[in-house]
Each structure stands twice: as structure tokens, then as C-alpha cells.
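[1] please find the sequence and the predicted model below.
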Number of protein chains: 2
Amino acid sequence: MTRNPNMREAILSAAESLFSTRGFNAVSIRDIALEAGANPGSVTYHFKSKDGLLLEIYKRHCGPMNKRRIELLVAARRVRDVQDRLEAVVRAYVQPAFSSSSDLAGGGARFTRLRAVMSAEGNAVVGRIIAEIFDDTTNAFIEAIEQSLPHLPRRTLVWRSQFLLGALYYTLVNPERVTRLSRGEADGADMAEAIEQLVSATVAALQAPDINGQAAAEPAAKAGARKAPAGSRSRTA
Amino acid sequence: MTRNPNMREAILSAAESLFSTRGFNAVSIRDIALEAGANPGSVTYHFKSKDGLLLEIYKRHCGPMNKRRIELLVAARRVRDVQDRLEAVVRAYVQPAFSSSSDLAGGGARFTRLRAVMSAEGNAVVGRIIAEIFDDTTNAFIEAIEQSLPHLPRRTLVWRSQFLLGALYYTLVNPERVTRLSRGEADGADMAEAIEQLVSATVAALQAPDINGQAAAEPAAKAGARKAPAGSRSRTA
DNA sequence: TTTTCTTTTGTACAGATGTACAAATTATCA
DNA sequence: TGATAATTTGTACATCTGTACAAAAGAAAA
């Protein structure tokens, strides 16, 4: 058989594909080797260990993705209209998670799905990376959102950013659910629609009044001050 | 050692705890037995196999949880005020996922976290259950929401229900992130606050105009018809 | 008590797993 | 070309995995 000139890449890609759908523990090095058309020994040769392979996948994607995010964030911050700016900021966060600008096979969606799965599995190797690499970028976004919605406390924005990331992850992990529940009206794997739906829903969620009974988000949206949530922090009975 | 009169329960509880934090594949039957203070053989005696154990966990929780959801939904549908009704419907969906009314140890949050982890791992055993058991309940909620927001297409409501579930899951899977990013201002493990934040954000998201450039959700919210999302379905550049 | 049923224990086994390593193969460059 | 380095292969090993099953222990009923 002719030798694959980029076996390293093939292994990375195969591992990414398998990890992102089955999780870390359910995939063996032999599975990866088979998928990549490589010998199992070749995997440990290139990446030392299974953990090392996972680490390399992160190293490969984190840089380009967060770089792209910051680029888009800088551009978004320059948008004049308050409403448009907020939307642009959210889009700058979401878009690179779905399609990476880099030419890495599989695009950004596969890597984001992998991150979702790893986070659910509580993967130890990944735990540290997340806090070290991603929190900086996330903070930059929260600050940008804070600028558009200065009346909202940071804690509320953090909660809503949490919901955004959860929605993002779950959409990539379980797109069939959208297709199924919409009875074919929508396709959960349609990334373009996913982005638009996610951005518009998130912008609205961010603009909601604070749970402590604060006025609406922006002067333009005259939703009127609403009462505190009925039965706040107690059962609904 | 004195014999545990409810070893079956102890095993179920231990398995639930371990599966919900480490995932299905990373936990061995021996791990579960150790945690439960049981003999490994005892696990297969009670539940036949590892899959059988997982199945039993689902059987245990699905009924009570969805029963409670439907109870709360029925009550929510009777709320007169449109805004309050929508909020009550969302709360009826969210609340039982956090704290089960049944007296099963660990409450509903642990089981919901388990569901989140299983969904991320793409667990085959669970795959069928989800579609069979949960879709009915979810459809009932979507229809209730449709009634409050009749101008929105079903596909959009499905997308937003997807985001709700994702936000819910991720909050239970990764609460530390909220604590970390808010710099101690908020506690991600505070389920009461999680519910309030999630409900208020979701209600706002549901009321957002449709992505195809439709008017705002309800007459009371005079946000004014907004333009279609800038650069819809294309890159933000 | 004795008998019968239920539960727990301990052991065993076939297969899979991560990893190490020497040998074989292929590429690179003098 | 030949020499050196980089990669791939095949095999081996200790450990862990799910599961089966017989023996032991305990509970329940006679």
C-alpha cells in the first residue's frame, strides 16, 4: 500500500471524528488507527499517548478559533447602532464555533462538538485547557456585552453566556432532535439556520430584564418594567 | 458486615452518581459496586447487565418527572395573563428537571445531568428511550408555547426549545463555569437561581421576532418590527 | 428445627485496552 | 550510490472490562 504522506493529519482527523461522536472513553486507539488507515503503534509514535492525542487536537484548533473570534469581536465593537452591535458581538462568538476559517478538515463544528462531549464526560485532560484558554476569550465577550447592556449585573450576563454555550453545544451534539420535533420542517444539521436562530434567540435573551425586577434592556425596546418573576425562587405549586 | 436491606437502591444510586459525573463508559461495574458497598456480582444479579442498570435508572425517573411536568403544564395553561402563562409554561418544563418531586435520592438534577452526559456520549441504549418517552412531553410543551405565541412558526419554536434544553443540560454539567466567570458573584450550583435565570432568559428568547423578519412577539412588547438579521445566513465578514 | 427461596460472595474467563519496543520499511540527504 | 534519520509494522504484556456461575450466607416459611 502506498504510504500516506500525512499520516499524522489522518490520525488527528480520525480521532477528532470519533471522539466528537462517541466520546473519549468509548474510542480505542485501535479504532482510531483503523479509521485513519494506520497502525496502532503509529498513533503512540506521533502523539505519545491517547491523552497526548486529545491535547494535540485542542492545540490545533484553539488558537485559530479564538483568534477568529477576537477579530470578529473587534469589528463588532465598532458597529454604531446599539442593537446591531449586540447582535454582531453574539455572532462573533457563535460563528467561529460552527465553521472555522482555517482549512482544517471538518471545520469548526466538529471540534466544537468534541468540546461539548468532553465537557459532558468531565474529561480531566481538557478541564485545565478550558479554564486557561477559553476563559480569556469569554471574558472579552462578556465585557463587550456589558458595554451594550450596562444596566445588567455581570452575574446575569454570565448566566446568559452559560445558556448560550449550552445551546450551542447541544445543537451540535443532538441536531436530529430538531429535525424530529419539527417533523421535517427544519433540519437540525443546517448550520446556517442554527446560527441565525441561535443569534436571534440569544440577543433577545440578553436583552431581557434582570431577574431582580429591572427595567427592559434598551430604551428602544419599550417592553415596560415587568414585575419580578411570579413566585421567584420558590416552587410554582 | 451487616447486610444492607436495600442493596438494590444503593447500587442504583451509586451508578446514577457515577454515570452522571464521569459518563457511562468511564465507569466500571466494579466502580459502582465499590461506591455502593456491594459485590460486583451483586450488580449483575439485580440488573442483569450494565445496560440493564442504565435502563433501570431511566425507568425509575422518567415516569415521575414527566408526570410532574404535565401536572405543572396543565396548571400553567390555566393562567390568564399571556405573559404570565408563557412564563409558567417554561417554568413547568424547567423546574422538574432540577428538583424531582419524588423522594428518590439525589433529586431530579442528578438524573437530568445523567441525561445530558448520555446524550453527549451518544449512548445507544438511551437513544431509543429519549425519542419514545420524552418527545411526547416536549410536544405538549411546544404546543402550549404555540398557543401563547401563535404568530411564530413551529420550526422556530422547536429551535428555541432545543436551546432551552441545551442551556439546561450545560448548566447542570458545568456549573463551575458560572462561578468562575462571575468571579464569585454567582454560584453555578445554586439551582434556585439557575431556574430563575433560565426561565427569564428563555421567555425572552421565545418572544423574539422570527428570523425571517417578523414583528415582535406580543402586543405588550412594543419593540417595533426590526429588520431581518444583518447579513442573514452569510458570514459577518 | 428443616426446607425453600433470595441474596451475596468469590472466582474465573475471554476479550479489549493503553502502551512499550524491536524489527522492518521508507524517506532524506551526503 | 550509501548512510542516516524518520516512520511504520508487528508483537507482547500487564491491566481492566463485562459477564457467568457455583458456592456460601442469609431470610422466610413450613
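    Perfect, I can see it now. Since the model is a prediction, treat every value here as computed from it, not as a measurement.

[2] from here on, just use CA atoms for contacts and neighbour counts.
    OK.

[3] quick one: contacts for A:Ser182?
    A:Ser182 makes contacts with B:154-155, B:158, as judged by C-alpha atoms under 8 Å, 6 or more residues apart in numbering or on different chains.

[4] grab the longest helix from chain A for me.
    Of all the segments assigned as helix in chain A under DSSP state H, the longest by residue count is helix A:50-77.

[5] which parts of the helix or strand that it is followed by are buried?
    Using DSSP states H and E, the helix or strand that follows helix A:50-77 in sequence is helix A:82-98. Judged by neighbour count using 16 or more other C-alpha atoms under 10 Å in any protein chain shown, the buried positions of helix A:82-98 are A:83-98.

[6] show me what from chain A comes close to DNA strand D.
    Within reach of DNA strand D by C-alpha under 7 Å from any atom of the strand, chain A has these residues: A:3-8, A:38-42, A:45-46.

[7] one more time with 6 Å, if that's ok
    Residues of chain A found near DNA strand D (C-alpha under 6 Å from any atom of the strand) are A:4, A:7, A:38-39, A:41-42, A:45.

[8] now, of those, which are buried?
    Buried residues within the residues of chain A next to DNA strand D, defined by neighbour count using 16+ other C-alpha under 10 Å: A:7, A:38-39.

[9] which of those residues come close to DNA strand C?
    When those are filtered against DNA strand C using C-alpha under 6 Å from any atom of the strand, no residues are retained.

[10] helices of chain A, start to end?
    For chain A, the helices identified by DSSP H occupy A:7-22, A:29-36, A:40-47, A:50-77, A:82-98, A:107-121, A:124-129, A:135-148, A:154-173, A:176-181, A:191-207, in order along the chain.

[11] okay, angle between the fifth one and helix A:50-77 too, please.
    Helix A:82-98 runs at 160 degrees relative to helix A:50-77, counting by axes from the mean of the first three to the mean of the last three C-alpha atoms, to 10 degrees.

[12] same for helix A:82-98, what does it pack against?
    Helices and strands touching helix A:82-98, as assessed by 3 or more C-alpha pairs under 8 Å, 6 or more residues apart in numbering or on different chains; DSSP states H and E, comprise helix A:50-77, helix A:107-121, helix A:135-148, helix A:191-207.

[13] can the longest helix of chain A be said to contact DNA strand C?
    Yes: with C-alpha under 6 Å from any atom of the strand as the threshold, helix A:50-77 lies in contact with DNA strand C, specifically through A:Lys50.

[14] now do that helix: which elements does it pack against?
    The elements that helix A:50-77 packs onto, with contact taken as 3+ C-alpha pairs under 8 Å, 6+ apart, are helix A:7-22, helix A:40-47, helix A:82-98, helix A:107-121, helix A:124-129, helix A:135-148.

[15] what would these look like in a markdown table with distance to A:Ala208 and mean pLDDT?
    As requested, these are arranged in a markdown table below (distance: least, C-alpha to C-alpha, whole Å; pLDDT from 0 to 100):
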| stretch | distance to A:Ala208 | mean pLDDT |
| --- | --- | --- |
| helix A:7-22 | 33 | 97 |
| helix A:40-47 | 47 | 98 |
| helix A:82-98 | 13 | 97 |
| helix A:107-121 | 26 | 95 |
| helix A:124-129 | 31 | 89 |
| helix A:135-148 | 13 | 96 |
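
[16] out of those helices, which one sits most buried?
    Neighbour counts averaged per stretch over the helices and strands packed on helix A:50-77 are highest for helix A:107-121, at a mean of 24; criterion: mean count of other C-alpha atoms under 10 Å in any protein chain shown.

[17] give me the contacts around that helix.
    Taking contacts as C-alpha under 8 Å, 6+ apart, the residues outside helix A:107-121 that touch it are A:16-17, A:19-21, A:23-24, A:61, A:65, A:96-101, A:126-127, A:169-170, A:172-173, B:21-23, B:116-117, B:120-121, B:170, B:173-174.

[18] now swap in stretch A:148-163 and tell me
    Applying C-alpha under 8 Å, 6+ apart, the external contacts of stretch A:148-163 come out as A:82, A:85-86, A:142, A:145-146, A:205-207, A:209-210, A:217-218, B:163-164, B:166-168, B:170-171, B:177-178, B:181-182, B:185-186, B:194, B:197-198, B:201.

[19] in stretch A:187-194, what's buried?
    By neighbour count, with 16+ other C-alpha under 10 Å as the criterion, the buried positions of stretch A:187-194 are A:187-189, A:191-194.

[20] export those residues as TSV, with columns for pLDDT.
    Compiled in TSV, the buried residues of stretch A:187-194 are given as follows (pLDDT from 0 to 100):
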residue	pLDDT
A:Asp187	98
A:Gly188	97
A:Ala189	96
A:Met191	95
A:Ala192	96
A:Glu193	97
A:Ala194	98
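
[21] so can I have JSON lines of those residues showing distance to DNA strand C?
    Below are the buried residues of stretch A:187-194 laid out as JSON lines (distance: C-alpha to the nearest atom of the strand, whole Å):
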{"residue": "A:Asp187", "distance to DNA strand C": "32"}
{"residue": "A:Gly188", "distance to DNA strand C": "30"}
{"residue": "A:Ala189", "distance to DNA strand C": "28"}
{"residue": "A:Met191", "distance to DNA strand C": "31"}
{"residue": "A:Ala192", "distance to DNA strand C": "35"}
{"residue": "A:Glu193", "distance to DNA strand C": "36"}
{"residue": "A:Ala194", "distance to DNA strand C": "33"}
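
[22] what's the spacing between A:Pro209 and DNA strand D?
    According to C-alpha to the nearest atom of the strand, to the nearest Å, A:Pro209 stands 47 Å off from DNA strand D.

[23] residues near that residue, how many?
    A:Pro209: 25 surrounding residues under other C-alpha atoms under 10 Å in any protein chain shown.

[24] just the pLDDT at it, thanks.
    Among the per-residue scores, A:Pro209 holds a pLDDT of 97.

[25] ok, now A:Phe134?
    pLDDT at A:Phe134 comes out at 93.

[26] I figured A:Ala10 was touching A:Ala36, is that so?
    Yes: with contacts defined as C-alpha atoms under 8 Å, A:Ala10 counts as touching A:Ala36 at a distance of 5.4 Å.

[27] which parts of chain A sit against DNA strand C?
    Within chain A, the positions adjacent to DNA strand C are A:3, A:27-30, A:40-41, A:48-50 by C-alpha under 6 Å from any atom of the strand.

[28] need the contact list for A:Ala33.
    Taking C-alpha under 8 Å, 6+ apart as the test, what A:Ala33 contacts is A:11, A:14, A:39-40, A:42-43.

[29] go again with 7 Å.
    A:Ala33 is in contact with A:11, A:39-40, A:43, counting by C-alpha atoms under 7 Å, 6 or more residues apart in numbering or on different chains.

[30] what is the neighbour count of A:Trp159?
    Other residues within reach of A:Trp159, judged by other C-alpha under 10 Å, total 27.

[31] alright, that wraps it up for me.
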